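>>> got a predicted structure here, sequence first:
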Amino acid sequence: MAKDYLGEFEELVLTMVAALQEDAYGAAIAEEIETRLKREVNLSAVHVTLYRLEDKGYLKSKMGGGTQERGGRRKRIYTITNAGLAMLKAMKEARLDLWKLVPQLKIVSV
Amino acid sequence: MSNPKPASALRFLKWFCPEHLHEEIEGDLIQKFHRDVQAYGERKAKRRLTWNVIRFFRPGIILRNQTKLSLTAFYMITNYFKVASRIMIRNKAYSFINISGLALGMTGAILLFLWIAHEFSYEQFHADKHRIYKAWNRALENGQVNCWDTTPRILAPTLEEEFSPVEAAISYARWDSKHLFTVGETRLLKTSGVFTDPALLTIFSFPLLEGNPAKALESPNSIVLTESFARQLFGSREAFGEAVTVSQSGHSFEFTVSGILKDLPSNTDFNFEYLIPFSFLESLGEKNTFWGNNSVATFVKMKEGTDLISFDEQVKGIVKKHYADGQHIEIFLYPLTKMRLYSRFENGVQAGGRIEIIRMLGILGVCLIAIACINFINLSTARAQRRSKEVAVRKVTGAFRHSLVMQFLCESALVALGAGVLSLFAVYLVLPFFNVLVQQQLVLDFGNITFWAAALGFVLLTGLLAGGYPALYLSSFRPVGILKGALVSSANRNTLRTLLVVFQFGFAVMLIISVIVVRKQIDFVQNRESGYVKDNLVYIPLTGDLGKNYPTFKNELLQAGIAVSVTKTSAPITEQWSSTGGIQWSGKNPEDRTDFERIYMDDHPSATFGLTILKGRDFDLQQFANDSTGVLLNETALKVMGFENPIGEIIKDNRMEWHVIGVMKDFVFTSPFQKIEPIVLFGGTKLRNAFNEIYIKLNPENTVQENLAMLSGLSKKYNPDYPFEYHFADVEYARKFANLEATLTITTVFTSIAIFIACLGLLGLSTYLIEARVKEIGIRKVLGGSVLSIMKLLSMSSLKPIFIAIIVFSPATWFAMNWWLNSFAYRVSLSTWTFFMAGIVLIAVALITISIQTYRAANANPVDSLRNE
């Protein structure tokens, strides 16, 4: 935990892989982030992050099927590893612990 | 889905994308494209796809494919080098010839290139170098446009005043006057001072270690010293702000050190140890505002963005405007950065300068490399037969031609690398000697990354140059024929080899001839009749109290029997001191502006110098008091003036009238290489400060040591403040040859290198040629050929290219040498003998080189060569 650390975008992509399960591949993840978070993402950034997470051992991948929409090209389907899941949990808990330190004031609209 | 995709973008993706990632990325991109078509329409979707592909061109993607590819290439290159080093070790003699020849050539070339780079770096360090100019004069004189770079002192202030584009202008005068510096007990006599204006320190980038560049030379009694001169004067004490006494011609002045300059770099033509402001000189007497007195250099810094062409138009008439007698003189500005290499003008037009020498050096360097590369090419192609089987087998087992080319290039790169390392060592060792020879301060800048890049580039380029052709040739063999036992045909290779050898030896011929010509020129000038007697002639500077004590000093010299004759002069007669085109005489053509050398002397110059008086008599003030306004002419001056009966004629110079009392025979003034200029010898005793040297003809009955000891004693007695300094006239005369002697040494060294390399190549080549003809020799011997006839046969085939070289390259050398000799007014004429001699020398060297080989081959027992098939 001390050594490894995930960037904000890495954490986001990792969470998406965990959430999308069998349908977790580059374009789908990018699209999901765009529709759910209303956030413009760059396809190449998603790919690079996926490769990096795989290098770190938080993801593993295998080639899946192709569709006509993809011009017959196969997808690379990612699944989260146990290490990745543990990492996500640890980060979430750390975030919660910190959140508890913040005085719980109401957000007053100005 | 049949929407057309931009194919070029996807091709680009395929080119850079790692193989194993390509499919899914492309799939994702196509999927995105189709969705974009629905969302935004086809045109926008296409643009987005292209943009997305470009965004994949990032290190996170590209770097994922490097490892696999580079490893294969790496293994192959290691293998090439391994094979290459094995082949080199197996053929030791061959490798030795190649590496040592190349190393020698590279050493020579690196030395020359270092020198050239240094020459080009002159004055490049000034921050505003592109705005700094030197003022030159251009004048029509006797039908010719002359250009010179000394200007009136008044020019710089006038430029600043009258022309708004001028940011600053300064006068710069290095007059070599003798200044005695006194600080406490330390006394130093220096001539390396410059009178200038305060702006010098802001125009040029000569940084001050202490002091304010804008103010350092503002007060008339301020002086700026260089760091090392300050250390000589003050030792380890602080010099800045201290007082120093400077004495000249018996007068002493107090100065305050107002700045310490960092020592000047080696790549500048500026050369001074201390700076004194002109305002000091002007505080002593009146300002020099005479436009006819060209005695200082003028440097100008223009404002940013000035158009020089239009400015030159404006500045042209400045002399005409201010000086009635200078209607023919124009001023123009010449860039500082060109001052070193491009400062020769011929008839008013830029005509090269030092750059011509630099170009020659560049050609010499390239030729040295070429000669060494030719060795490599010749030996590699001559050995083609040996490598042919290897090439064939490699090709049969599937080698591509380009990988064979690569392999041979690696071999030559390895040879070049070995040679390069050796030559760097060699350069490091000989650089100190080379620096003395060429009078430069060149350094190998090992800490500089550009230096290493240049060195590596140089080595690889040499490798490519040497190995390029052999690699293409060797890799072109057809394996079928060779494996069946056919020989590599070498007929046209022979022509190529012959041509290359012709070039090598042609270059050697040129160098040998130039060495002989330079040697002859030196001998010729050394044997020139100088017209005066240099033995036992010394001169000492007229400094300090010597001016006041001169009459007693001279008397005592004569009385004590140290001297036979003593004469004061304005300058050493081996140095030009002053010249003028303004002398007037009756019957002078008003258009005539012939330059006369001006020199002042007092009593008995002909006795002291051993000059021959042809008409009239010598100066003798004891008997004829009005000799103080008398002049002696030399024969050339008499011819220019055209007097029928010169004695008693009146000439005018500097608004004074002089009368001719005699004519002397021509003698060599300043340099023995120049033609005799018209000289007017003035009896200048009435002028203030006209004299700077005392010439003393020593008594030949004493030994030189005795004379000098006594002279030194007298000098201490009459001039106690100054250290005793003397010069021998014959030594100073011989010094004129130093430059040429250096040229001779340089050419001799490079000639030896070139010949040595060429002979190395010849040795290697003849070895292989003999090897190829071993059966022929055997058969000839069996059929009764004698040893001598076989030796003749073998030698002739090796010497043929050398004969051709001598015949083809001699005329070119003739022109080159004529051009060089033309720079001397007094020169030897070229004779065909020189060329004949050079040819004989070269052939002799070549014969000696190959004789052992041919002798051994001709003497071998034919049984050995014919026994096995």
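Arrived safely.
>>> so who does the most centrally placed residue in chain B touch?
The residue lying closest to the centre of chain B (C-alpha atoms, centre = their mean) is B:I358, at 5.5 Å. Residues near B:I358 by C-beta atoms under 8 Å, 6 or more residues apart in numbering or on different chains: B:I116, B:E119, B:F120, B:L341. In short, each C-beta sits where N, CA and C put it, glycine included.
>>> just the element for it, please.
Taking DSSP states H and E as the definition, one finds B:I358 inside helix B:354-382.
>>> cool, and B:N589?
Judged by DSSP H and E, B:N589 forms part of no helix or strand.
>>> in chain A, which helix or strand is least confident?
In chain A, no helix or strand scores lower on mean pLDDT, DSSP states H and E than strand A:59-66, which sits at a mean of 87.
>>> where does chain A get nearest to chain B, which residue?
A:R73 (2.9 Å; C-beta to the nearest C-beta).
>>> any figure for the gap between that residue and B:A45?
17 Å (C-beta to C-beta, to the nearest Å).
>>> can you tell me what sits against whichever helix in chain A runs longest?
Longest helix of chain A, by residue count under DSSP state H: helix A:82-101. Contact with helix A:82-101 is made by A:1, A:4, A:6, A:11, A:14-15, A:17-18, A:53, A:57-59, A:80, as judged by C-beta under 8 Å, 6+ apart.
>>> picking that back up, which one of the contacts of B:I358 sits in the busiest neighbourhood?
B:L341 (19 neighbours; other C-beta atoms under 10 Å in any protein chain shown).
>>> report the contact partners of that one.
Going by C-beta under 8 Å, 6+ apart, B:L341 touches B:E119, B:F120, B:Y122, B:G353, B:R354, B:I355, B:I358.
>>> what is the neighbour count of the closest residue to it other than its chain neighbours?
Excluding its sequence neighbours, the residue lying closest to B:L341 (C-beta to C-beta, 6 or more residues apart in numbering or on different chains) is B:I355, at 4.2 Å. Per other C-beta under 10 Å, the neighbour tally for B:I355 reads 17.
>>> relative to chain A, how far out is B:I355?
As defined by C-beta to the nearest C-beta, to the nearest Å, B:I355 lies at a distance of 55 Å from chain A.
>>> need the contacts of B:I358 in TSV with pLDDT, distance to B:L456 and secondary structure, can you?
Below are the contacts of B:I358 laid out as TSV (pLDDT from 0 to 100; distance: C-beta to C-beta, whole Å; DSSP: H, G, I helix; E, B strand; the rest coil):
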residue	pLDDT	distance to B:L456	secondary structure
B:I116	89	19	helix
B:E119	87	23	helix
B:F120	89	21	helix
B:L341	84	28	coil
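>>> and those residues, which is closest to chain A?
Of the contacts of B:I358, the one sitting nearest to chain A (C-beta to the nearest C-beta) turns out to be B:F120, at 47.6 Å.
>>> ok, the closest residue to B:I802 other than its chain neighbours - contacts?
Using C-beta to C-beta, 6+ apart and skipping residues adjacent in sequence, the residue nearest B:I802 is B:F505, 4.8 Å away. Contact analysis of B:F505 by C-beta under 8 Å, 6+ apart lists B:A758, B:P801, B:I802, B:A805, B:I806, B:L842, B:A846.
>>> get me the contact residues on chain A for chain B.
A:25-27, A:30-31, A:42-45, A:47-48, A:51-52, A:63, A:66-71, A:73-76 (C-beta under 8 Å from any C-beta of the partner chain).
>>> circling back to that earlier point, show me the contacts of B:F505 that map onto strands.
With strands taken from DSSP state E, there is no overlap with the contacts of B:F505.
>>> so which of those wins on neighbours?
Busiest of the contacts of B:F505 [other C-beta under 10 Å] is B:A758, holding 28 neighbours.
>>> list the contacts for it?
B:I371, B:N375, B:Q504, B:F505, B:F507, B:A508.
>>> format those residues as JSON lines; extra columns: pLDDT.
Below are the contacts of B:A758 laid out as JSON lines (pLDDT from 0 to 100):
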{"residue": "B:I371", "pLDDT": "88"}
{"residue": "B:N375", "pLDDT": "85"}
{"residue": "B:Q504", "pLDDT": "87"}
{"residue": "B:F505", "pLDDT": "87"}
{"residue": "B:F507", "pLDDT": "87"}
{"residue": "B:A508", "pLDDT": "86"}
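>>> any idea which residue is closest to the centre of chain A?
Nearest to the mean C-alpha position of chain A, by C-alpha atoms, centre = their mean, lies A:V13 at 1.8 Å.
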